[in-house]
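Undergrad: here's a sequence, model it:
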Amino acid sequence: MKAHHITMLGTGLIGEFYTATLHGQRGRDHVQVVYSKSDARAQAFQERWSIPESTTDLKAASTACHVVSSSGPNALPSALPSSDSIASSQLCPGRRSRKKRS
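TA: Here you go, the predicted model:
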């Protein structure tokens, strides 16, 4: 099978967990780009996980790879530019569509 190049949106606990799982369990799939609003956090994450590229440009990050994994705030996927290359399943739609229970 072909390897997937992944963009990780977010450098917090969920991004750490996703990246650890991908790099540890999915030999052919690796995070190639990491996005964070903070350049310092993006660079630290990049170095920690040996990721080729880090950025604070959301548009560039979202179009750089085959798969986009959103590990940031719930509003982050809706801020992404619309693109035919980004499938809704790649943007964690379950996180966006969850409704608060009364």
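Undergrad: strands along the chain, start to end?
TA: Taking DSSP state E, the strands of the chain run over residues 5-9, 30-35, 53-55, 67-70.
Undergrad: mean neighbour count, mean pLDDT and distance to Leu22 for those - can I get that in CSV?
TA: (C-beta placed from N, C-alpha, C; glycine too.) As requested, the strands of the chain are exported to CSV (neighbours: other Cβ atoms under 10 Å; pLDDT from 0 to 100; distance: least, Cβ to Cβ, whole Å):
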stretch, mean neighbour count, mean pLDDT, distance to Leu22
strand 5-9, 24, 89, 6
strand 30-35, 24, 92, 6
strand 53-55, 19, 94, 16
strand 67-70, 22, 76, 8
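Undergrad: so where's the longest helix in this structure?
TA: Counting by DSSP state H, the longest helix found in the chain is helix 13-25.
Undergrad: I'd like the mean pLDDT over that helix, please.
TA: For helix 13-25, the mean per-residue pLDDT is 90.
Undergrad: what packs against it?
TA: strand 5-9, strand 30-35, helix 39-49 (3 or more Cβ pairs under 8 Å, 6 or more residues apart in numbering; DSSP states H and E).
Undergrad: got CSV for the strands of the chain, with distance to Tyr18 too?
TA: Below are the strands of the chain laid out as CSV (distance: least, Cβ to Cβ, whole Å):
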stretch, distance to Tyr18
strand 5-9, 6
strand 30-35, 8
strand 53-55, 16
strand 67-70, 6
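Undergrad: of all the ones you listed, which one is nearest Gln43?
TA: With respect to Gln43, and counting by Cβ to Cβ, the nearest of the strands of the chain is strand 53-55 at 5.4 Å.
Undergrad: name every strand pairing with that closest one and say which way it goes.
TA: Applying DSSP bridges, strand 53-55 is found paired with strand 30-35 (parallel).
Undergrad: of all the helices and strands packed on helix 13-25, which one is nearest Leu58?
TA: Ranking those by distance to Leu58, with Cβ to Cβ as the measure, places strand 30-35 first at 6.0 Å.
Undergrad: what's the burial count for the nearest residue to His30 once chain neighbours are set aside?
TA: Residue nearest to His30 in three dimensions, not counting chain neighbours: His23, with 6.2 Å by Cβ to Cβ, 6 or more residues apart in numbering. Counted with other Cβ atoms under 10 Å, the neighbours of His23 add up to 16.
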